[in-house]
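> structure here, sequence nowhere to be found:
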């Protein structure tokens, strides 16, 4: 099919995620023909730097030869098998490796297919853990401005009004504690006081507290100090509340370390992973938890303590083979060490944005950087203006409202980082001139 | 790794879905080395007929050469791309084909990764549809004994106590109408009266009514007459309530026709698909809906009518390529026609089970057949006894409680059906002798 025909047929049959479809009356959909490394190519062979890692999933570029080879080998051996009563080598290897990499104490892996489902698993596990021990704790606490997915349970625990407000009547009531207002230690201490107030007010009723450690990604790349995680861990211990670290977006090196919790030297009771888990190839998610949690569900069948949750494709071998290949690359190519240079380069490049009249602030945590513009009226659609400008220059940027952010695949070179940030700079200037 | 080592390492790091892990103290996990056609092979090269299609997902056998080839071609072109603002050929083709195959009027595809997520999408879309039109309808109705997945929204709309009861305190309250008690027309009419009572009692407050058409699969393969779907459609029309057809398990030929709704000649407002969608290869799900529903969300961005739901891997090209290959096989090999002979053969084979003293009843809808045993005490674990017996004979059967069922891949031959059912017969006899 030709490009125009593809667009027409797409709009006839497809309803895109998180999209006001009417926008596509003026903003053309972009059919992508192929991917290679940090670039996506359209049907006119225009190349685009994937500055958003295709929704924060891609780590080592598109169509990576090594990952491709490993998935192909797997598909010729075992594409899938039921994961209750049965098992397979790729998932055993993956689980060994994840437990070895994860913060200490996380040593059991429960799999699902997407981030939202992993969050739902963690919430249900935490709730049932307390119930299996004779306690009813129906409340969950999250941070203000948090996002943890969009299935009904995951949406309920989040706090981004744009996604949540319309569904209030069908959502579980949850509690929010204040997120630290900036990256300072003082803000972390202040927010921890707010958290303790919530724990006190609902003492004995809260099952778990969930955070996206260091960076609230869908919450406009809002960043906070690791001290907050340390303080939160202590409070959770005092009140016998589980700490869930949602590392779906921030895990796998995005913050500089393998997992963001490492900055605080803290082990959560549950850690949820997805996105980068398969290097950006296939949907797969996992909840890591402790032996203590596992044991609260372990017993004779007739006690009905088991965690009866499942998805048909749980533990899919193809997705696991992509995940193992991803971890191979991390090891073989010392990715985290190599990223340090890129992180420093991004920091350097970010400085110049400060001087722009329509920039409020800049921030960075590892391979994630953000430029916060001044507020624009909603109908100005500043994010679309930046997106369109950057696309014309061969860079994919998808600002979250007035937050222009960068989350590129790790295969991006310093030269490409510079180009991506040049384009963002020009785009922000162009918006200021409007 | 060797088999024993694999089992040991698995149990050290993995928490399996829908499993009381203590069961594996006596019931060995089975590591699977490879798959080929209808067979799965363990590490001692024992072959097992996959009588449950690996949780009802596999259609054309394991490691099918044609599907493998198509996924490999796709992985060399484009493994994944963000699906907001961008699109790709495999998903456009898939959407065209699904809309052409689906009941009339279903002409928009919204994608997700697993069945539960598709259910959540349908529930949220239905709720927001009414809200966008100025009506607040916070209730959903489902059938007694229904199962629609296990994320918190999907679990709330189901009615299988075993999965749901422990989580009651964190679930949305939903309403259940009686499922027809058997496959007769009379039972369908009676149940429709019950449905109308619920619709009357909650008039103006119900957003949607959800059914698994013809077969409640996780509900013990309970079956009912297509007349019920016709009657339910009429009632939904009268009360302006959406009809959601959950064809995740029953779709793609399981009931004999492509979609179970076809038996009633009825178009639902939403149809959810997953499992067989990719032929058993990869997690992918889709919600098909009408132009009318789509239009209720269509408007200027600032009206905030858009459906702001997304998953990172939505529309994954690899999963779409497996799905397109699956539809190719349906077409090229006239699968539905060929299955007719197998369906008749299963019916013939099923007859002999009636005579067994511990069999209560038998039933069949297309390629799904079930033998309901008499009730056994829970601690007798009749399902595990049947499972273990059949495994020793090279057949995978996983009874749901006292319901022994058959849902094999369509590549199974009549000879293999006979063997599978011979083994089930012997297993049921062996249990009776205990």
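That came through fine. Remember, predicted model here, so these are calculated numbers, not experimental data.

> in chain A, which spans are helices?
A:3-13, A:53-56, A:65-75, A:89-101, A:115-132, A:152-157, A:161-164, A:185-201, A:227-239, A:291-295, A:317-332, A:335-351, A:382-392, A:414-432 (DSSP state H).

> go through the ones you listed and find the least confident stretch.
With a mean of 92, helix A:161-164 has the lowest mean pLDDT of those.

> tell me if that helix is near chain B.
Yes - using Cβ under 8 Å from any Cβ of the partner chain, helix A:161-164 reaches chain B at A:162-163. In this view, the C-beta of every residue, glycine as well, is placed from N, C-alpha and C.

> just checking, what packs against that helix?
If contacts are counted by 3 or more Cβ pairs under 8 Å, 6 or more residues apart in numbering or on different chains; DSSP states H and E, helix A:161-164 sits against helix A:152-157.

> residue A:419 contacts residue A:406, correct?
No - if you go by Cβ atoms under 8 Å, residue A:419 and residue A:406 don't touch, sitting 11.6 Å apart.

> between these two, which has more neighbouring residues?
Taking other Cβ atoms under 10 Å in any protein chain shown, residue A:419 and residue A:406 do not tie; residue A:406 has more neighbours (24 against 17).

> contacting residues around the residue nearest to that one when sequence neighbours are not counted?
Distance criterion Cβ to Cβ, 6 or more residues apart in numbering or on different chains; nearest residue to residue A:406, sequence neighbours excluded, is residue A:369 at 4.6 Å. When contacts are counted by Cβ atoms under 8 Å, 6 or more residues apart in numbering or on different chains, residue A:369 touches A:346-347, A:350, A:362-363, A:405-407.

> okay, residue A:369: pLDDT?
pLDDT, read off for residue A:369, is 98.

> kindly report the same for residue A:434.
pLDDT for residue A:434: 79.

> show me the domain layout of chain A.
Residue ranges for the domains of chain A, per automatic domain parsing: A:31-63+A:335-432, A:68-332.

> run a quick neighbour tally on the nearest residue to residue A:403 once chain neighbours are set aside.
Leaving aside its sequence neighbours, residue A:403 sits nearest to residue A:220 (Cβ to Cβ, 6+ apart; 4.4 Å). Using other Cβ under 10 Å, residue A:220 is surrounded by 19 other residues.

> cool, and residue A:405?
Residues near residue A:405, counting by other Cβ under 10 Å, number 23.

> just list whatever residues bridge to it.
residue A:370 (DSSP bridges).

> hmm, it is touching residue A:396, no?
No - between residue A:405 and residue A:396 there is no contact under Cβ under 8 Å: 11.7 Å.

> overlap in contacts, those two.
Residues touching both residue A:405 and residue A:396 by Cβ under 8 Å, 6+ apart: residue A:52.

> and the stretch 201-350 of chain A, which of its residues are near chain B?
Within the stretch 201-350 of chain A, the residues that sit near chain B (Cβ under 8 Å from any Cβ) are A:274-275, A:280-283, A:289, A:294, A:297-302, A:304-316, A:318-319.

> give the PyMOL command for selecting the buried subset of the residues you listed.
Buried members of these, defined by 16 or more other Cβ atoms under 10 Å in any protein chain shown, are picked up in PyMOL with:
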select buried, chain A and resi 274+275+280+281+282+283+289+294+297+298+305+306+307+308+309+310+311+312+313+314+315+316+318+319
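
> the residue sitting nearest the centre point of chain A: what's it in contact with?
Nearest to the geometric centre of chain A sits residue A:249, at 1.7 Å (Cα atoms, centre = their mean). With contact set as Cβ under 8 Å, 6+ apart, residue A:249 has these partners: A:56, A:115, A:212, A:215, A:217-218, A:275.

> residue A:420 and residue A:412 touch, don't they?
Yes - under the criterion of Cβ under 8 Å, residue A:420 makes contact with residue A:412 at 7.4 Å.

> what sits in contact with each of these two?
residue A:49.

> just the helices of chain A: most buried one?
Comparing these by mean neighbour count (mean count of other Cβ atoms under 10 Å in any protein chain shown), helix A:152-157 comes out on top with a mean of 28.

> show residues contacting that helix.
A:115-116, A:119-120, A:123-124, A:140, A:142, A:146, A:148-149, A:163-164, A:167, A:170-174, A:210, B:120, B:123-124, B:151-153, B:156, B:170, B:172.

> contact partners for the closest residue to residue A:356 other than its chain neighbours?
Once flanking residues are discounted, residue A:356 sits nearest to residue A:428: 5.7 Å by Cβ to Cβ, 6+ apart. Counting by Cβ under 8 Å, 6+ apart, residue A:428 makes contact with A:353, A:356, A:358-359, A:371, A:373, A:386, A:404.

> between those residues, which sits nearest residue B:99?
residue A:386 (34.0 Å; Cβ to Cβ).
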